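Enquirer: Have a look at this fold, sequence not included:
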């Protein structure tokens, strides 16, 4: 589904699971006065589960933020 969205030129936001491996290939500068605590780019794992290949083989951007309730 994500791969089809990407092929159609869509941009989307999703929430990764805590244990999703993420290989960082680049980090963007983050302002210390912002609630953004991380801005990284890298690929998602080749496999999503034991038998499912990840069809989205492009780098993704991970942005980590602190929200009001923590």
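Expert: Right, received. Where do you want to start? Keep in mind that what you see is a predicted model, and the values were worked out from it rather than measured.
Enquirer: Can you tell me what sits against the helix or strand bottoming out on mean pLDDT in the chain?
Expert: Sorting the helices and strands of the chain by mean pLDDT, DSSP states H and E puts helix 2-7 at the bottom, at a mean of 80. Here helix 2-7 makes contact (C-beta atoms under 8 Å, 6 or more residues apart in numbering) with 12, 14, 55-58. Every C-beta, even on glycine, is put in place using the N, C-alpha and C of the backbone.
Enquirer: after it, next one along is what?
Expert: Next helix or strand after helix 2-7 toward the C-terminus (DSSP states H and E): strand 26-27.
Enquirer: what are the pairing partners of that next one, and which direction each?
Expert: strand 36-42 (antiparallel) (DSSP bridges).
Enquirer: and the strand it pairs with, how far out from the chain's middle?
Expert: 8 Å (C-alpha atoms, centre = their mean, to the nearest Å).
Enquirer: I'd like the distance from the least confident helix or strand of the chain to the chain centre, please.
Expert: 14 Å.
Enquirer: what's the answer for stretch 25-36, then?
Expert: Distance, stretch centre to chain centre, for stretch 25-36: 14 Å (C-alpha atoms, centre = their mean).
Enquirer: end-to-end on that stretch?
Expert: The first residue of stretch 25-36 is 19 Å away from its last residue (C-alpha to C-alpha, to the nearest Å).
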